[in-house]
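Participant: what follows is a protein structure lacking sequence information:
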């Protein structure tokens with residue numbers, strides 16, 4: 001009897017956070033005032049994320065970051081999804097965190113994009129790169145409302 005109860009609770013809990021609800025167009029500004037979280041990213045930069053496919057095992061999307069990337073396809077890292085790192089969390093308790101590499105237009109290599117999904121219809125995207133041309137930017141995205149005729 002206990003096992004059946006556990007399975008029922010797990011099924012109900014999984015239904016409450018359907019990741020498919022995150023499909024669509026998201027956009028928002030760069031956030032954070034300290035110099036450490038705005039390296040190589042313009043103060044007024046915005047990001048857009050078009051989530052095309054998403055589930056517990058991965059994410060496929062298109063990312064745009066003002067001055068850094070324009071409609072570049074990103075796909076979460078299969079290795080990270082298969083590893084214990086897929087359960088990564090941090091302050092704010094995201095529902096799910098994905099990692100992908102995004103080509104950056106400055107010619108200094110890809111950046112790691114960390115995409116964190118939160119309940120209350122919010123996504124945070126962090127774009128970071130080390131080396132001689134570092135990047136670090138945090139973007140708070142909300143679902144873009146569709147234009148109505």
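Facilitator: Alright, I've got the coordinates. What you see is a predicted model; the values in this text were computed from it and never measured.
Participant: going forward, measure contacts between C-alpha atoms and count neighbours the same way
Facilitator: OK.
Participant: low pLDDT regions in this protein?
Facilitator: 1-17, 86, 146-149 (pLDDT under 70).
Participant: mind listing the helices for it?
Facilitator: Listed in chain order, the helices of the chain (DSSP state H) span 2-16, 78-82.
Participant: where's the residue nearest in space to the middle of the chain relative to residue 130, distance?
Facilitator: Residue closest to the mean C-alpha point of the chain, counted by Cα atoms, centre = their mean, is residue 115 at 1.7 Å. Distance of residue 115 to residue 130, given as Cα to Cα, to the nearest Å: 18 Å.
Participant: the closest residue to residue 77 other than its chain neighbours: how many residues sit nearby?
Facilitator: The spatially closest residue to residue 77, leaving aside those adjacent along the chain, is residue 100, at 5.4 Å (Cα to Cα, 6 or more residues apart in numbering). By other Cα atoms under 10 Å, 22 other residues sit near residue 100.
Participant: ok, residue 83 next?
Facilitator: Neighbour number of residue 83 under other Cα under 10 Å is 9.
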